[in-house]
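Student: would you be able to build a 3D model of this:
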Amino acid sequence: MSTPSEASTPQRDPAFTPALSSTESQAARRLDWLQHQNWPGLGTSGERKARRVAILDRYLLAEVATPFVFGVLAFAVFLLINQFFLAAEFVINKHVPFVLVCQYLVLQIPSFVYMIFPFATMFGVLQGFGRLAGDNELTAMRTSGIALERIARPIFALGIVLTLAAFAVNDYIAPESQHKSQTIFREIAYHSSQPIIEPDQFVRTEDGQHTIFVGSMDSQTGIMQNVAIYSLGTGNFPETLTASTARQINGKLVLYNGVHTTNGPNGLVVKQTRFNTLEFPLTDASLLFEGPRGPFEMSSSELSHQIKALKGSGEDTSQMEMVLQMKFAMPLACLISILIALPLAVRFGKRGREVGAMLALIVLLIYWLAITAFNTLGKNGAIPPLLAAWLPNLFMGGVGAALLWKEGR
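Tutor: Modelled structure (predicted):
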């Protein structure tokens, strides 16, 4: 009579058991933990099943983790090569402090996360699952009754985590780091440890009530030339303060030798007053020196607010809308990369890891070319920004889903 444990275990008829090659038999023996039912301390079948799921997930994620980390580091270095050469030139030829250059390089990294993560994910999946396919472990798993969709489950969970992480970095960390890096770059370019204002720059205050124009600035003395301040006030036309020179002192912009001009409802000048010195309060003095924020230096909510304000004044916002849509579409490339990499790894994994690396580069190149092409079309207004940002994801995701379905049959 069979024991209860034997009765609960399905018995295979040798006549109907498919013949395995020696390599496949070795892989099956290495994966005995998938079939083993009698772990110590696990009583019910539900507990045993939960244990098997946890082990399988950890095993698959461990295979992907090492090449993923390598891909992150390798692609980050690749993207920073230009900056490395630029940094070396500033340090060696222009005697810029090495610490300042390192700060600039470190602040550049978050801006590349939305490109680094998809490549590293694709590389990790192709290498990890390529190894499993090459050693026939995927064949052993599927022969044991584990569907490809179940095998892919922890990898897709990883893709969701990476997508959320890429969006968080791209929306909260990268805008601020990019803005700070541009400030440091201006300091490097102008050979000054003091904050720099670029020539002919308009800066809008945070309350939106004032716009400050600075013609130029002496980086050694901090004196600004040809300064104008436009204040909206309550009238139809802004009041204007113009000064030949100005200097930022203790959170105030001190204007020298200037004119205060007030316009009437018809736009004509109704009053002009000369002054020798006039203090204009600045709620945030760093705004003047850090410069206005570009679309890549804003979060999605800030950029949405900016687009809405500019649309109200009749300005073309196609380029800014394209950047906004890309902030949402680009992080999803992590999941798209998994959709493409998984079926390719299953199909071509037995040909070696070099094939996986080559496939990662080719597929990623096609993906980025599609993104660049549609990005240009969206910015030029040829197609709506929403469509331009999401079409590459829809196309590549559809191709990946079809390939995965075909391999899972």
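
Student: domain assignment for the chain?
Tutor: 19-189, 201-290, 295-408 (automatic domain parsing).

Student: I'd like these as CSV, with mean neighbour count and mean pLDDT appended.
Tutor: Just so you know, the C-beta spots here come from the backbone N, C-alpha and C atoms, and that holds for glycine as well. Shown next, in CSV, are the domains of the chain (neighbours: other CB atoms under 10 Å; pLDDT from 0 to 100):
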stretch, mean neighbour count, mean pLDDT
domain 19-189, 17, 77
domain 201-290, 15, 79
domain 295-408, 18, 83
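
Student: what does the pLDDT read for residue 2?
Tutor: Residue 2 carries a pLDDT score of 43 in this model.

Student: show me where the stretch 151-300 of the chain has strands.
Tutor: 201-204, 210-217, 224-231, 239-249, 252-263, 269-281 (DSSP state E, counting those that start in this stretch).

Student: longest helix in the protein, please.
Tutor: What stands out as the longest helix in the chain, according to DSSP state H, is helix 45-79.

Student: off-centre distance for whichever helix or strand comes after that one?
Tutor: Using DSSP states H and E, the helix or strand that follows helix 45-79 towards the C-terminus is helix 81-93. Helix 81-93 sits 24 Å away from the centroid of its parent chain (CA atoms, centre = their mean, to the nearest Å).

Student: what is helix 81-93 packed up against?
Tutor: Helix 81-93 makes packing contacts with helix 98-108 when contacts are defined by 3 or more CB pairs under 8 Å, 6 or more residues apart in numbering; DSSP states H and E.

Student: how does it look with 10 Å?
Tutor: Secondary structure elements in contact with helix 81-93, counted by 3 or more CB pairs under 10 Å, 6 or more residues apart in numbering; DSSP states H and E, are helix 98-108, helix 174-189.

Student: return the alpha-carbon coordinates of the first one using CSV.
Tutor: Translated: helix 98-108. In CSV, the C-alpha atoms belonging to helix 98-108 read as follows (Å, rounded to 0.1, in the frame of the first residue of the first chain):
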residue,chain,number,x,y,z
PHE,A,98,38.6,68.6,-9.6
VAL,A,99,35.9,68.5,-6.9
LEU,A,100,33.7,70.9,-8.8
VAL,A,101,34.0,68.8,-12.0
CYS,A,102,33.1,65.6,-10.0
GLN,A,103,30.0,67.4,-8.7
TYR,A,104,29.0,68.2,-12.2
LEU,A,105,29.4,64.6,-13.3
VAL,A,106,27.5,63.1,-10.4
LEU,A,107,24.6,65.5,-10.9
GLN,A,108,24.4,64.4,-14.5
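
Student: show me what contacts residue 73?
Tutor: By CB atoms under 10 Å, 6 or more residues apart in numbering, residue 73 lies in contact with 116, 120.

Student: I'd like the distance between it and residue 364.
Tutor: Going from residue 73 to residue 364 by CB to CB, to the nearest Å gives 16 Å.

Student: now swap in residue 243 and tell me
Tutor: Applying CB to CB to residue 243 and residue 364 gives a distance of 53 Å.

Student: could I get the contacting residues of the residue most central in space within the chain?
Tutor: Nearest residue to the geometric centre of the chain (CA atoms, centre = their mean): residue 114, 2.4 Å. By CB under 10 Å, 6+ apart, residue 114 lies in contact with 166-167, 169-171, 174, 326-327, 329-334.

Student: would you confirm that residue 71 contacts residue 122?
Tutor: Yes. The criterion here is CB atoms under 10 Å, and residue 71 meets it with residue 122 at 7.9 Å.

Student: and residue 188, how far from residue 89?
Tutor: In terms of CB to CB, residue 188 sits 10 Å off from residue 89.

Student: what of residue 376?
Tutor: 30 Å.

Student: end to end, how far does stretch 307-317 reach?
Tutor: 6 Å (CA to CA, to the nearest Å).

Student: pick the one among the contacts of residue 114 closest to residue 296.
Tutor: residue 174 (7.7 Å; CB to CB).

Student: list the contacts of the closest one.
Tutor: Here residue 174 is in contact with 107-114, 166, 168, 296-297, 299, 327 (criterion: CB under 10 Å, 6+ apart).

Student: relative to residue 383, how far out is residue 223?
Tutor: As defined by CB to CB, residue 223 lies at a distance of 48 Å from residue 383.

Student: next one: residue 232
Tutor: Distance from residue 232 to residue 383, by CB to CB: 36 Å.

Student: next: residue 86.
Tutor: Look at residue 86 and residue 383: by CB to CB, they are 35 Å apart.

Student: same question, residue 68
Tutor: For residue 68, the distance to residue 383 equals 34 Å [CB to CB].

Student: make sure residue 381 is indeed in a strand.
Tutor: No. Counting by DSSP: H, G, I helix; E, B strand; the rest coil, residue 381 is not part of a strand but coil.

Student: hmm, it is touching residue 316, no?
Tutor: Yes. Counting by CB under 10 Å, residue 381 touches residue 316, with 7.6 Å between them.
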